[in-house]
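K.L.:
Next one to model:
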Amino acid sequence: MRPARLLPLALLLSVLSVLPSRALVPAFAFQRVALGSIAAPVERAVAVPPGAVLVGVTWAAGLAEVSVRPGLGAWETLENDPGEAGSRPGTEPFWIGRGVSVVSVRVVPRSPATDVAVDFAGSGSSASSAAPATRTLPRLGAVVTRPGWGADERWRSGRVEYTTPAAVVVHHTVTSNDYTAAEAASYVRAVYSYHTRSRHWSDIGYNLLVDRFGTVYEGRYGDFTRGVVGAHTAGFNDRTISVSLLGNYDTVETPAVMLAAVERVGAWAAERWRFDPRTSVTLTSSGSERFPRGAHVTVPRMPGHRDLGITACPGRYAYAHLPAVRSEAWRLLRAVLSTPVVTGAPVHSPDQVTVTASLDHSAWWTAQITDTSGTVLAETKGRGTSLKVSWDGRLPNGLPALPGTSYMYRLSADDHVHGPSDPKSGTFQGGMPRVV
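P.N.:
Numbers count the residues shown, from 1 in each chain. Here you go, the predicted structure:
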């Protein structure tokens, strides 16, 4: 057998240059294709830059209706998406889809539109940072931080403003639903790119985002736990925060794990700013296409974007779940029992076995020890955050617990506001008595 011959380096590179490989596609963040001023309907086919994942149409002044068609697919009408004051008018982003090389754009001006452009956005490169990838909060759980999803902090601008939220507005990003868990962070970066590079917003519009796997992402810079003012709901960014579902939930059903994450967001926000997510609140408009400045609008504490704007957001499927989401967010605020600690087991009568646990907030509680038939052997009741019950191993007939016998404990609580806590229970064994 003859030894394999090595290809010359120049030839090897020329071969690699034509191989289809994602690794060879450069990181792409933003590109603008100018269409100029438009006073009459225009239809244009535009090549998709390598690495672009979403497209939108923006303009400097005027008003337009926009439709897009990926490849030879169906035409899709894009909603106009109001943004921050002084930002560039434009549409919501449209997810291009895998393998699409050309996007057709149809622009119908309602008033002469100037400096019209087709804007492509991608995820760019993931910015490296030594900061932790996640932070964990009570009720909410783990949240992927901006460094965690690779935010390029050079893209944001302006100063951070804060508010005291009275509601959590639910959105969707109107992007692809077929992303993998590994791709989700890059989709967040693409939305960030479109908001900042295309629309000239100071930052990503949303306070929090949730992917279809239930992962929660920090959105706008400035620490969402302090009530950062976002750019998500025209006329109502004050006194609200937002959570946006990564995907298009007007076309597919909302995953259960995604809804569970939104419920956790609602529970966390309700506890953080002391409101009942099942109730309504009256907000005052700062001015929008639907509600003039000064208009008072009463909505649920967890409204859909469509409740406050002219939009289908967060999609018909997600919107239909919001009543249940509000109820579950409230239920999640029940007092939470810690894992019980059992000391003195197996019980050697008359030595005591003791079961202790704690609650995350004050509630009425009951702690019991029983035999396997349910006969109560010891019981303690109280109110507070610390639970304790002890038993000396003596049975109702006066005899001691013996080796080979089993006993049970059960801890329960109810704060009489949010409902009963999930109980905790377990078993322990009897041991040889110290004195018979």
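K.L.:
ok, which stretches of the chain are helices?
P.N.:
Assigned helices in the chain, in chain order: 9-16, 146-149, 184-193, 256-273, 316-331 (criterion: DSSP state H).
K.L.:
Single out the most deeply packed of these.
P.N.:
Per-stretch averages of neighbours, counted by mean count of other CB atoms under 10 Å, single out helix 184-193 among the helices of the chain, with a mean of 25. Quick note: C-beta positions are derived from backbone N, CA and C, even for glycine.
K.L.:
So which elements touch that helix?
P.N.:
Under the contact definition 3 or more CB pairs under 8 Å, 6 or more residues apart in numbering; DSSP states H and E, helix 184-193 sits against strand 102-121, helix 146-149, strand 216-218.
K.L.:
Give the buried residues for the longest one.
P.N.:
To tie it back to what came earlier, the one meant is strand 102-121. 103-107, 109, 113, 115-121 (16 or more other CB atoms under 10 Å).
K.L.:
can you dump the C-alpha coordinates of it into CSV?
P.N.:
Only the C-alpha atoms of strand 102-121 are listed here, as CSV (Å, rounded to 0.1, in the frame of the first residue of the first chain):
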residue,chain,number,x,y,z
VAL,A,102,-33.5,35.9,-1.3
VAL,A,103,-36.2,37.9,0.4
SER,A,104,-38.8,39.9,-1.6
VAL,A,105,-40.1,43.1,0.0
ARG,A,106,-43.3,44.9,-0.9
VAL,A,107,-43.6,48.5,0.4
VAL,A,108,-46.9,50.4,0.1
PRO,A,109,-46.5,53.9,1.4
ARG,A,110,-49.5,55.5,3.2
SER,A,111,-47.7,58.8,3.2
PRO,A,112,-44.4,59.4,1.3
ALA,A,113,-41.7,57.4,3.1
THR,A,114,-38.1,58.7,3.0
ASP,A,115,-34.9,56.8,3.4
VAL,A,116,-36.6,53.4,3.2
ALA,A,117,-34.3,50.5,3.9
VAL,A,118,-34.3,46.7,4.1
ASP,A,119,-32.4,45.9,7.3
PHE,A,120,-30.8,42.4,8.0
ALA,A,121,-29.8,41.4,11.4
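K.L.:
Neighbouring strands - and their directions - for that strand?
P.N.:
Using DSSP bridges, strand 102-121 pairs in its sheet with strand 30-38 (antiparallel), strand 42-47 (antiparallel), strand 54-58 (antiparallel), strand 61-70 (antiparallel).
K.L.:
That one versus helix 184-193: what angle between them?
P.N.:
Relative orientation of strand 102-121 versus helix 184-193 (axes from the mean of the first three to the mean of the last three CA atoms, to 10 degrees): 80 degrees.
K.L.:
quick one, which of the helices of the chain is nearest to Val46?
P.N.:
helix 184-193 (17.6 Å; CB to CB).
K.L.:
related to what we said a few turns ago, just give me the closest of the buried residues of strand 102-121 to Val299.
P.N.:
Ala121 (30.6 Å).
K.L.:
got a list of what the closest one touches?
P.N.:
29-30, 52-56, 93, 190-191, 193-194, 197-198 (CB atoms under 8 Å, 6 or more residues apart in numbering).
K.L.:
likewise Arg316?
P.N.:
Taking CB under 8 Å, 6+ apart, one finds Tyr249, Asp250 in contact with Arg316.
K.L.:
per-residue pLDDT, it?
P.N.:
pLDDT, Arg316: 98.
K.L.:
What separation is there between it and Val160?
P.N.:
Distance, Arg316 to Val160, using CB to CB, to the nearest Å: 34 Å.
K.L.:
Confirm for me that Asp414 is in contact with Trp364.
P.N.:
Yes. Using CB atoms under 8 Å as the test, Asp414 is close enough to Trp364 to be in contact (5.6 Å).
K.L.:
mind giving me the domain split of the chain?
P.N.:
According to automatic domain parsing, the chain comprises the domains 25-121, 134-331, 341-429.
K.L.:
Need the winner for burial among those domains.
P.N.:
By mean count of other CB under 10 Å, the domains of the chain have domain 134-331 as the most buried, with a mean of 20.
K.L.:
Quick one: distance of that one to the chain centre.
P.N.:
Centre-to-centre, domain 134-331 and its host chain are 7 Å apart (CA atoms, centre = their mean, to the nearest Å).
K.L.:
Check stretch 405-421 too.
P.N.:
The answer for stretch 405-421 is 31 Å, by CA atoms, centre = their mean.
K.L.:
Give me the contact list for that stretch.
P.N.:
330-331, 333-337, 340, 342, 347, 353, 355, 357, 359, 361-372, 377, 387, 389, 391, 401, 423-430.
K.L.:
Quick check: closest non-adjacent residue to Thr385.
P.N.:
Nearest non-adjacent residue to Thr385, counting by CB to CB, 6 or more residues apart in numbering: Leu359, 4.6 Å away.
K.L.:
Does Trp330 touch Phe275 like I think?
P.N.:
No. At 10.1 Å, Trp330 does not count as touching Phe275 under the criterion of CB under 8 Å.
K.L.:
So Gly214 sits against Met258, correct?
P.N.:
Yes. Under the criterion of CB under 8 Å, Gly214 makes contact with Met258 at 5.7 Å.
K.L.:
List the contacts of the residue minimising distance to the centre of the chain.
P.N.:
Taking CA atoms, centre = their mean, the centroid of the chain lies closest to Val210, which sits 2.6 Å from it. For Val210, the contact set (CB under 8 Å, 6+ apart) comprises Val216, Tyr217, Val243, Ser244, Leu245, Leu246, Met258, Ala261, Val262, Val265.
K.L.:
same thing with Thr215?
P.N.:
Thr215 touches Ala142, Val144, Ala181, Ala184, Ala261, counting by CB under 8 Å, 6+ apart.
K.L.:
how about a cut-off of 7 Å?
P.N.:
Val144, Ala184 (CB atoms under 7 Å, 6 or more residues apart in numbering).
K.L.:
Averaging pLDDT per element, find the lowest-scoring helix or strand in the protein.
P.N.:
helix 9-16 (a mean of 33; mean pLDDT, DSSP states H and E).
K.L.:
Skipping adjacent residues, who's closest to Ala267 in space?
P.N.:
Leu332 (3.8 Å).
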